[in-house]
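>>> next input, structure requested:
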Amino acid sequence: MPKPQPQPEHFTDEQGQSCVRVRLSRRDACAELYAEDYAALTASGVSPFWFLCWNKRDGVQYVRASVPGDNKRAVARLITGAGKGEQVTHRDGNRLNLRRDNLQVSRCGTASVDCAALLARLAA
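Numbering: from 1, shown residues only. Model (predicted):
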């Protein structure tokens, strides 16, 4: 029997934006993002089962999800379409706040995957 698909909790934030909370696997935590970004990710095939990972190099946590035909990717990079050599930071420091206006892309990263190209390939 297939695993039941998790249902995000819909809510409206302080600015009146439609958002969702996604429960993270095996954690008592949720990621929050705009409902339109969640819908776009899941429509492209990104798994609705998200989880919290730790970067061993610097001890920072981040939210990841499986991408069909690829690997597990940071959700913040998928939302922003961050490219090779780009890094995504969280303006408020909360790595569970994946609202687009909280995510900032800079050219100082070491990433080797172009997430915009990856999402375009999934849409094709």
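>>> show me the contacts for Asn97.
Residues in contact with Asn97 (Cβ atoms under 8 Å, 6 or more residues apart in numbering) are 31-32, 90. Quick note: C-beta positions are derived from backbone N, CA and C, even for glycine.
>>> can you give me phi and psi for it?
phi -90, psi 100 (degrees, to the nearest 10).
>>> now the one 5 residues further on
Phi and psi for Asn102, reported as degrees, to the nearest 10, are phi -90, psi -10.
>>> that one - how many residues pack around it?
Residues near Asn102, counting by other Cβ atoms under 10 Å, number 18.
>>> so who does the closest residue to it other than its chain neighbours touch?
Spatially, and ignoring its direct neighbours in sequence, Asn102 is nearest to Arg91 (5.1 Å; Cβ to Cβ, 6 or more residues apart in numbering). By Cβ under 8 Å, 6+ apart, the contact list for Arg91 reads 101-104.
>>> show the pLDDT at Arg91.
The per-residue pLDDT reported for Arg91 equals 95.
>>> what residues are up against Asp114?
Contact analysis of Asp114 by Cβ under 8 Å, 6+ apart lists 83-84.
>>> got a ChimeraX select line for the buried ones in the contacts of Arg91?
Filtering the contacts of Arg91 down to the buried ones (16 or more other Cβ atoms under 10 Å) takes a single ChimeraX command:
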select :102,103
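>>> rewinding a little: how near is the residue nearest to Asn102 to Val22?
20 Å (Cβ to Cβ, to the nearest Å).
>>> same question, Gly59
23 Å.
>>> with neighbour numbers in mind, choose between these two.
Using other Cβ under 10 Å as the criterion, Gly59 and Val22 rank with Val22 on top: 25 against 7.
>>> please report the distance of that one from Ala40.
Taken as Cβ to Cβ, the span from Val22 to Ala40 is 14 Å.
>>> one more: Phe49?
17 Å.
>>> by neighbour count, which of the contacts of Asn97 wins?
Using other Cβ under 10 Å as the neighbour test, those are led by Ala31, with 26 neighbours.
>>> let's see the pLDDT reported for the residue positioned nearest the centre of the chain.
Geometric centre of the chain, nearest residue: Val75, 1.8 Å, by Cα atoms, centre = their mean. With respect to pLDDT, Val75 scores 96.
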